[in-house]
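Asks: What follows is a predicted structure for the sequence shown.
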There are 2 protein chains.
Amino acid sequence: MSTMRDEIRQQPEIIERTLQEESKRAERLGEHLARRPVNFIVLVARGTSDNAAQFGRYLLEICTGIPVSLAAPSISTLYGAPLAWKNALVIAVSQSGESTDTNLVLDRAKEAGAFTIGITNESESTLAKLADHAFLVRAGKERSVAATKTYTGQLICFYLLTAALGAAVKMEHLKRIAEWVAGALLLETEIRGRAERYCFMRQAVCVGRGLNYSNAFEFALKLMETCYVVAERFSSADLLHGPIAMLEANFPAFLFCPSGVTWKPTCELLDKLDTIGAEALLITDRANPHAAERRGTPVEPIVIPADIRVEAGIADDLYTPIPYIVPAQLLAASLAEVKGLDPDRPRALSKVTQTL
Amino acid sequence: MSTMRDEIRQQPEIIERTLQEESKRAERLGEHLARRPVNFIVLVARGTSDNAAQFGRYLLEICTGIPVSLAAPSISTLYGAPLAWKNALVIAVSQSGESTDTNLVLDRAKEAGAFTIGITNESESTLAKLADHAFLVRAGKERSVAATKTYTGQLICFYLLTAALGAAVKMEHLKRIAEWVAGALLLETEIRGRAERYCFMRQAVCVGRGLNYSNAFEFALKLMETCYVVAERFSSADLLHGPIAMLEANFPAFLFCPSGVTWKPTCELLDKLDTIGAEALLITDRANPHAAERRGTPVEPIVIPADIRVEAGIADDLYTPIPYIVPAQLLAASLAEVKGLDPDRPRALSKVTQTL
């Protein structure tokens, strides 16, 4: 068994532990932030952590109304341009806490007077020491080059930060996430069987919208890293603004399909994919029966055995992103196996990548 | 001849005209903005216009130090979340000025108290009327579905806006851009010949960094729309953080390679591509002899016949993005011809795409 698969399975426990150990400290952070003006938030990261930041962007803007920007590190690292970050909250996300560029940006942010936060898996890392506040992902050492458990752990930290900023993210709901992830893990054998179909797949497109947009990026990254598939990633809207032209009959598309506000535009895209004859595989849960029962394609949707919306007692897709990435992680790990590749040691990669 | 090719050729004239007719109005805008606090800037767009916004993001942050965010339209259009945009400058970019989602976001920004700007090709459009200030791209009607001349026209408007915000972008330098574009157009016959090589290309990766990052997105979009190539796009740093694993011997990579601060990290990527045996095609100008004389790959670099850095009298890549996209536009238009496709009418697309 790959380390990647083993680490995917550890996620319910890590989510519970991170919630438990970080929630008190998040409360204290909240008290501190309530006394500071936060005009806007800047997120800085690379790779999988950058995908987690993409989720943070949506979550924070939707729940707090504070404008969020995903930093372009080269503006600090290469162009050396000073940015007016005085009343900003600048958050660096890094599994290792040792990314040269994100740490440099955080350093510049401190100099500019920003309040800084780090989200990292390593309590003794440069990032954990550098930031004014550190959220620690309690994932244990991540040994696979393909990050999985630190991604979902970083997402949990973004929920805690959002709660700390006073938004309506409730601990009682967050505590259910581990259970939904455990439900998604029950699909492991089914997904191992489904992976066979994609053995010869060379290219694909991953689609997510709103809170699940980051999952499209993360699934595509896993397909690129561990299966060497040229995987594009778009929101349903961006795909329609041009790239859809490259799709043809049987082109594989993977779509994250929660119920809620993103479902209607996703349906419009699905109609278009059906017209083209592209092959759509939907990832959904029981809260979206329209997606779960979709019969228009040769492949059945992947349905997480939970009704997340009803169980959370809320009207939208707020808690879907963590459970939804799990079937995608399993599919990537399984496809690597089917293709005879080692997902823990992709060619041309090492665990910590240093760039400027 | 395709309309796309015809419109590519019109660019020097359009750039001159847009500069001439919009610069006075930009000055007046500058006087107005000097009396307002601008804490941050938000850019909102889709498709090619979103790629122009990506350029605007780098240009504005590098030159003005004001933090910039690329809006996620769904936060307003689907989630209906109100954003704290009171002291923001919110800029919508749209060729037609009739994109439902970007106009809706601009409307919300006005309600929130932001100062709003539109950048559009259509003076009578909803966007031109809605925004507090409109920059008009003087491109004439764009008839090809594949946008080219409005992209470079939008970039010119971003330079004028940056100058209006008091940054060191000088009219005397901007006036040279049309000439460098004319120089790039001299490569048309050469590029038509080079396109033959890529006749059977199914996938590719486009790479740009900093101010040329948007060009990687725009070239990839043209390859997807007009040539049906599955074209990925990354910064050199992001490619190294995972996706590089999918590259193998002969995998085609297209890289924008100006001289200046982005060249060193691009070289590091080139070394890695050489090790893999991937095929790198560089787009550069005479100011970067290291790129222009590169002999490591089976294909010669495309060299724009100008020394942009010396001619502009500045030390960096500030004025390269507009000339640099021109060979890429020509290559996409030529490749569509080679493949027997009509770049003016890609399958599954119409000129104005409406999404929410």
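Replies: Perfect, thanks for sending it.
Asks: from what I can see A:C257 touches A:A291, true?
Replies: Yes - at 4.1 Å, A:C257 counts as touching A:A291 under the criterion of CB atoms under 8 Å. Backbone N, C-alpha and C define where each C-beta goes, glycine included.
Asks: Grab the nearest non-local neighbour of the residue in the stretch 51-200 of chain A that chain B sits nearest to.
Replies: Per CB to the nearest CB, A:S69 is where the stretch 51-200 of chain A lies closest to chain B, at 3.6 Å. The shortest distance from A:S69 to any non-neighbouring residue, by CB to CB, 6 or more residues apart in numbering or on different chains, is to B:S69 (3.6 Å).
Asks: can you give me phi and psi for the one you found?
Replies: Torsion angles at B:S69 (phi, psi; degrees, to the nearest 10) stand at phi -120, psi 140.
Asks: Now do the contacts for A:P12.
Replies: Neighbour list for A:P12: A:178-179, A:181-182, A:185 [criterion: CB atoms under 8 Å, 6 or more residues apart in numbering or on different chains].
Asks: let's go with 10 Å and repeat that
Replies: Applying CB atoms under 10 Å, 6 or more residues apart in numbering or on different chains, we find A:P12 in contact with A:152, A:177-185, A:326.
Asks: Quick check: the gap between it and A:T120.
Replies: 21 Å (CB to CB, to the nearest Å).
Asks: Which parts of chain A are strands?
Replies: Assigned strands in chain A, in chain order: A:40-44, A:68-70, A:88-94, A:115-120, A:133-136, A:203-207, A:230-234, A:252-256, A:279-285, A:302-304 (criterion: DSSP state E).
Asks: Run through the neighbouring helices and strands of the first one.
Replies: Helices and strands touching strand A:40-44, by 3 or more CB pairs under 10 Å, 6 or more residues apart in numbering or on different chains; DSSP states H and E, are helix A:47-64, strand A:68-70, strand A:88-94, helix A:100-111, strand A:115-120, strand B:40-44, strand B:68-70.
Asks: Pull out the buried residues from stretch A:228-242.
Replies: A:228-242 (16 or more other CB atoms under 10 Å in any protein chain shown).
Asks: Briefly note if it comes near chain B.
Replies: Yes - contact between stretch A:228-242 and chain B, assessed by CB under 10 Å from any CB of the partner chain, occurs at A:228-233, A:235-242.
Asks: And for stretch A:77-85?
Replies: Yes - with CB under 10 Å from any CB as the criterion, chain B is reached by stretch A:77-85 at A:77-85.
Asks: Just the buried ones from those residues, in ChimeraX syntax?
Replies: Entered in ChimeraX, the line below selects the buried ones among the residues of stretch A:77-85 next to chain B, by 16+ other CB under 10 Å:
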select /A:77,78,79,83,84,85
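Asks: Greatest separation within the residues of stretch A:77-85 next to chain B: which pair is it?
Replies: The distance between the two most remote of the residues of stretch A:77-85 next to chain B (CB to CB) is 18.9 Å, for A:L78 and A:A84.
Asks: how's chain A carved up into domains?
Replies: With domains defined by automatic domain parsing, chain A comprises A:3-169, A:183-338.
Asks: Any chance of CSV for those domains, columns mean pLDDT?
Replies: Formatted as CSV, those follow (pLDDT from 0 to 100):
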stretch, mean pLDDT
domain A:3-169, 96
domain A:183-338, 94
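Asks: and of those, who's closest to B:M171?
Replies: Closest among the domains of chain A, using CB to CB: domain A:3-169, at 21.7 Å.
Asks: Would you work out how far apart the start and end of that closest one are?
Replies: End-to-end distance of domain A:3-169 (CA to CA, to the nearest Å): 32 Å.
Asks: got it, and stretch A:178-191?
Replies: Stretch A:178-191 has its terminal residues 20 Å apart, counting by CA to CA.
Asks: What of stretch A:78-91?
Replies: End to end - CA to CA - stretch A:78-91 spans 20 Å.
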